[in-house]
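>>> Give me the fold of what follows.
(2 chains)
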There are 2 protein chains.
Amino acid sequence: MNSIKITRALLSVSDKTGLIDLANALHRHGVSLLASGGTATALRNANLPVTDVSQVTGHGEAFGGRMKTLSFEIASGILFERTRDAREAEKLGVKPIDMVISNLYPFEKTYNAGANLEALVENIDIGGPTLIRAAAKNFHAVASVTNPTQYKNIIAELDSNNGCLTGKTRTALMVEAFAHTAHYDTVISSAMDQLGGKTTRTYKMELTKTLEYGENPHQKATIWSTGNQEFPLQVIQGRELSWNNIGDLESAALAIGLISTTACVVVKHGNPCGMASGESLNGATAFARAWAGDPISAFGSVVAFNCSVDKKTVEFLAFGHPNTTERKFVDVIVAPHYTNEALEYLARSKKMRVVVWKMEEIIPATQRRMIGSFLLEQDSDTELATKWENATPNAMPDTLKGTAEFGIQAVRAIKSNAIAIALQNKDGSYQLTGMGSGQPNRVNSSKLAIEKTLELLSRECGKNTDEYKWALENSVVVSDAFFPFADSIELYAEAGLKWIVQPGGSIRDSEVVAKATELGLGMTLTGTRHFRH
Amino acid sequence: MNSIKITRALLSVSDKTGLIDLANALHRHGVSLLASGGTATALRNANLPVTDVSQVTGHGEAFGGRMKTLSFEIASGILFERTRDAREAEKLGVKPIDMVISNLYPFEKTYNAGANLEALVENIDIGGPTLIRAAAKNFHAVASVTNPTQYKNIIAELDSNNGCLTGKTRTALMVEAFAHTAHYDTVISSAMDQLGGKTTRTYKMELTKTLEYGENPHQKATIWSTGNQEFPLQVIQGRELSWNNIGDLESAALAIGLISTTACVVVKHGNPCGMASGESLNGATAFARAWAGDPISAFGSVVAFNCSVDKKTVEFLAFGHPNTTERKFVDVIVAPHYTNEALEYLARSKKMRVVVWKMEEIIPATQRRMIGSFLLEQDSDTELATKWENATPNAMPDTLKGTAEFGIQAVRAIKSNAIAIALQNKDGSYQLTGMGSGQPNRVNSSKLAIEKTLELLSRECGKNTDEYKWALENSVVVSDAFFPFADSIELYAEAGLKWIVQPGGSIRDSEVVAKATELGLGMTLTGTRHFRH
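Residues are numbered from 1 along each chain as shown, chains lettered A, B, ... in the order given. Below you'll find the predicted structure:
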């Protein structure tokens, strides 16, 4: 498409930002300015020569402003096909309009401000979309300018291109013009749907990434965004994130996203299998403690931090350690920030993905999932507990409440049935010592969590030492939902665990509490379930 | 809003379906008909009196049809405010138009047919949307008719209401009109985005249900649809489905959705914990076999069928059985159809949700999930295996291939790390005898699956009987992904299991295969991973 020389422009804008700058540039390049109503006044006030639209249409503004530009003369000037219809235009006295600068009555703003129907209806622009759409349709010959943010580049192009606009620019403007009118009518349509008793919303999604594959290599996969946002996971080293990495990072954000102190979580197959947090922790210790939760599964995992990562922290990976069993490999490391020294160290393992995340954007206030072509929305699970009710004579001491809360943070992110066992170390930090996940049966999750905890404590304290016993007695078992039977309680007692925190709510609560009482355990009810499937 | 008497209608349609019927009705009620181009011709051919739009505008059709109705006169006739602007209209000689019947150039059809840019641009309607939007804006006085499907009701209302249309009808038409123009420009915008190098798509979602709550009681939840579809899960007895029910039903559809014979699956916490299928099965036997997979977890589960459910099938629930341990309770039963006798039986437990599903609509060809406000799309996981490669000297006999395939169907629906153990019974049907799910560590999933299988076989065959040994030797272990270590293989051998099917692809495949060989097991590689997180 050729460049075209702009000779005559129609200006009719609701938002007058930048208008005079653009009009001055047009005037400087000898463009005749046509304008209506308030736009014409604004141009005159800036001492620019203006022809009133009414001089072209033969009609003044009419019907309280409802009629300004809508006319055979203006529409024809924009729309006629410059080659095919040239003689017809001349015969009809229609002169070309090469540029339309228009933006619309602020319907969306009025709507969001909660205006009544009458005000809404007055803010439905009829003339504006007609001008914009006509100019966009005829983009081979006309520029359709719809947004003050476009003015700067247009002025620059007119200045550098002798008052012409390229076909490329007109095409880009056309694309934006139809996006603009589509969005405008979409918002009107949603507002009017509400009037008709329907609640509707429109999502315009733009293809932003094609992934190598989906959950499995034979599944093609893509990522779509609303087009105005940056993806909250930015890869700064290594291959693109895989579908499963992204899912693991969602679990990671769920696990540590609400924790305000330093925290680290190790995620494998969507489940946190190690986690640590605390005021007293530096990144390196948090990493080591999280890793200890399941040092076998942690290989090839996703490791996430809510704090800046320094060299000392990543040195825990022990790249090139003479003892090869000390060396660790993780698939993805993610943090909000890294020191340069940490990045230099991580660069030694190019296979490892290093990612910067905006953790808080991954779990927004509203979570969405799709089943078939239906969209399911829910509030995020951010409420930890609605009560702390001691259900047994043996009441959990207040000093263990922090441990219980840490356990709830973890259990929220573990797939149901979920059990988390948490411990506050002597330095004040918290650690996930065991977890049971994804079982159809709660007792199996209990078994798995107990097994992991006993493994960790044996490894770290030596079996049956005083330290071991202290740790068991200060551990808190957290269940994501009520116990349907008392069987799990027996397993905890047998293992030497003392404190159980669960929402309650089963028809067999009394049986479960009685069992805990009988075995001398303490059971606290929180009233808040944390299923995650 | 008052009813209005229709006195003058403007007709300008691209799709002429039903046009003459509507025009005849209007004529019958004394309405003057204004029309342009092809619409005017069609009306004249039906012997209806028509005034050409050009008589009102003072201009003929111009510029190859680009200009037909766009004019001060027509737009004013639609738009002027009937009370405030009445005198001004009279002074300007503008006569009211009370009804606009317009539908648009078929841009979407042209686009979907793969037309070139020139054809696309010619199919961007400018005059039509202006008429429709103007009429919709002034809906207090004007009816905006945009779709032939609306004609029948309009004719009926004119006939029963002495040529008048109510405010309610005009409001409904206005809502549809803005939906129509919004959709039209959305499709144009997407097409033009493509031209600008972007791939975009717009979803208009309508709120269709508010759930009691989301994944947990403190999470509010809603379901949104594209508005043109019926939700594929229809509750015919009991409370509305919960968020977690819907998730379980997705797992159920994934498990049995590709099976062409009779099949039943029991789902708990998103994981199939029992499943059966086969030519030889009736619903009742399929139910009993699926239940046997984990008879404890099956309480309170979701049970799904791909076949019509009869009375004999639901009698397995044993409501009111004298032996209370025989009685079963499930949260949801779902099937494509029920016999009346089955529904009568199910009505005895009003707490049980009875659901009819369109199973195939729950797992569409493209699966979607949302992370934050980003949409992730992937092909569904429908490919079972890309090869059947015997990796060990002991080759799995062809007679076990059906069992392996059934195991793959199941493992696809189990959360990773997933292990399924499958058996073909002597009647030819297949059964899931054990499964391990949701573990960060594959060896734990192996343990869990083995434990379940040995429990089931002990219960059904008696421990270490010939029948027990036959069943173990004919069982097939299916892993959703490769074994990272040989540890699981040892556990299978120890349990007496013989046949292992897995995709392969680990750097330690040779070590894993060597272990299977050493222990006399058969290992088959499929090349196809089935992660589900």
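>>> For chain B, what's its nearest residue on chain A.
Proximity to chain B, evaluated over chain A using Cβ to the nearest Cβ, is greatest for A:G438 at 1.6 Å. Yep, even glycine has a C-beta here, placed from its N, CA and C like the rest.
>>> That residue: how many residues sit nearby?
Here the neighbour count serves as a burial measure; for A:G438 (other Cβ atoms under 10 Å in any protein chain shown) it reads 33.
>>> Find the nearest non-adjacent residue to it, please.
Closest residue to A:G438 in three dimensions, ignoring its sequence neighbours and counting by Cβ to Cβ, 6 or more residues apart in numbering or on different chains: B:G438, at 1.6 Å.
>>> The one you found: which element?
Secondary-structure element containing B:G438, defined by DSSP states H and E: none, the residue being outside all helices and strands.
>>> Ok, A:E467 next?
helix A:466-473.
>>> which other residues reach the next helix or strand after that helix?
Read in the C-terminal direction, the helix or strand following helix A:466-473 is strand A:475-479, with elements assigned using DSSP H and E. Outside of strand A:475-479, the residues within contact range by Cβ atoms under 8 Å, 6 or more residues apart in numbering or on different chains are A:396, A:400, A:403-404, A:407-408, A:410-411, A:417-423, A:433, A:442, A:446, A:449, A:453, A:488, A:492, A:497-503.
>>> now, which of those residues lie close to chain B?
Within the set of the contacts of strand A:475-479, contact with chain B (Cβ under 8 Å from any Cβ of the partner chain) is found for A:N417.
>>> Return the subset of the contacts of strand A:475-479 lying in strands.
Counting by DSSP state E, the members of the contacts of strand A:475-479 that fall within strands are A:I419, A:A420, A:I421, A:A422, A:L423, A:T433, A:W499, A:I500, A:V501, A:Q502.
>>> Any chance of these in TSV with neighbour count and pLDDT as columns?
Formatted as TSV, the ones in strands among the contacts of strand A:475-479 follow (neighbours: other Cβ atoms under 10 Å in any protein chain shown; pLDDT from 0 to 100):
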residue	neighbour count	pLDDT
A:I419	34	98
A:A420	34	98
A:I421	32	98
A:A422	32	98
A:L423	25	98
A:T433	30	98
A:W499	27	98
A:I500	28	98
A:V501	27	98
A:Q502	29	98
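>>> rewinding a little: buried stuff in the helix holding A:E467?
Neighbour counts using 16 or more other Cβ atoms under 10 Å in any protein chain shown place A:Y468, A:A471, A:L472 of helix A:466-473 among the buried residues.
>>> Same question for stretch A:270-282.
Residues of stretch A:270-282 classed as buried under the neighbour-count rule (16+ other Cβ under 10 Å) are A:G270, A:N271, A:P272, A:C273, A:G274, A:M275, A:A276, A:S277, A:G278, A:L281.
>>> One more: stretch A:358-371?
Neighbour counts over stretch A:358-371 (16+ other Cβ under 10 Å) mark A:M359, A:E361, A:I362, A:I363, A:T366, A:Q367, A:R368, A:R369, A:M370, A:I371 as buried.
>>> Which of those fall in helices?
A:M359, A:E361, A:I362 (DSSP state H).
>>> Out of those residues, which is nearest to A:P49?
Comparing those against A:P49 with Cβ to Cβ places A:E361 closest, at 50.0 Å.
>>> Return the residues in contact with the closest one.
A:E361 sits in contact with A:P232, B:G372, where contact means Cβ under 8 Å, 6+ apart.
>>> Low-confidence bits of the stretch 301-450 of chain A, can you list those?
Low-confidence segments of the stretch 301-450 of chain A (pLDDT under 70): none present.
>>> Would you map the helices across it?
Counting by DSSP state H, counting those that start in this stretch, the stretch 301-450 of chain A has these helices, from start to end: A:311-314, A:340-346, A:359-362, A:401-411, A:442-461.
>>> Of the ones you listed, flag the one that's most buried.
Among the helices of the stretch 301-450 of chain A, helix A:401-411 has the highest mean neighbour count (mean count of other Cβ atoms under 10 Å in any protein chain shown), at a mean of 25.
>>> counting contacts, what elements does that one pack onto?
Identification of packing neighbours for helix A:401-411 by 3 or more Cβ pairs under 8 Å, 6 or more residues apart in numbering or on different chains; DSSP states H and E yields helix A:243-256, strand A:271-278, strand A:419-424, strand A:430-436, strand A:475-479, strand A:499-502.
>>> Now do the longest one against strand A:430-436, angle only.
Read it as helix A:243-256. Using axes from the mean of the first three to the mean of the last three Cα atoms, to 10 degrees, the inter-axis angle of helix A:243-256 relative to strand A:430-436 is 130 degrees.
>>> Please name the residues that touch A:T110.
Counting by Cβ under 8 Å, 6+ apart, A:T110 touches A:A119, A:L120, A:N123.
>>> Tell me how many other residues surround the closest residue to A:R412 other than its chain neighbours.
Leaving out its chain neighbours, the residue that sits closest to A:R412 by Cβ to Cβ, 6+ apart is A:H530, at 4.6 Å. The tally of other residues near A:H530 (other Cβ under 10 Å) stands at 27.
>>> Same question for A:A516.
A:A516: 25 surrounding residues under other Cβ under 10 Å.
>>> State the three-state secondary structure for it.
Using DSSP: H, G, I helix; E, B strand; the rest coil, the secondary structure recorded for A:A516 is helix.
>>> Likewise for A:V100?
Here A:V100 is strand, with the state taken from three-state DSSP.
>>> how is chain A carved up into domains?
In the domain annotation for chain A, the residue ranges read A:4-195, A:230-365+A:372-378, A:383-525 (automatic domain parsing).
>>> what does the stretch 251-400 of chain A have sitting close to chain B?
Residues of the stretch 251-400 of chain A lying close to chain B (Cβ under 8 Å from any Cβ) are A:268-271, A:273, A:294, A:296-297, A:300-301, A:361-364, A:367-381, A:383, A:386.
>>> that older thread, mind putting the ones in helices among the buried residues of stretch A:358-371 into TSV with distance to A:H183?
Rendered in TSV, the data for these read as follows (distance: Cβ to Cβ, whole Å):
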residue	distance to A:H183
A:M359	30
A:E361	23
A:I362	26
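>>> Just the CA coordinates for stretch A:403-411, please, in CSV.
Only the C-alpha atoms of stretch A:403-411 are listed here, as CSV (Å, rounded to 0.1, in the frame of the first residue of the first chain):
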residue,chain,number,x,y,z
THR,A,403,3.5,-23.8,63.7
ALA,A,404,-0.1,-24.7,63.1
GLU,A,405,-0.6,-21.6,60.9
PHE,A,406,2.5,-22.5,58.9
GLY,A,407,1.1,-26.0,58.5
ILE,A,408,-2.2,-24.5,57.2
GLN,A,409,-0.2,-22.4,54.7
ALA,A,410,1.3,-25.6,53.4
VAL,A,411,-1.8,-27.8,53.5
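>>> and the residue lying closest to A:L519 once chain neighbours are set aside, how many neighbours?
Once its chain neighbours are removed from consideration, A:L519 has its nearest residue in A:A493; the separation is 4.0 Å (Cβ to Cβ, 6+ apart). By the measure other Cβ under 10 Å, the count of residues near A:A493 is 17.
>>> re earlier: how about the secondary structure of the residue nearest to A:R412?
Recorded secondary structure, A:H530: coil (three-state DSSP).
>>> residue contacts, it?
The neighbourhood of A:H530, defined by Cβ under 8 Å, 6+ apart, consists of A:D381, A:I408, A:V411, A:R412, A:A418, A:D480, A:A481, A:P503, B:N216.
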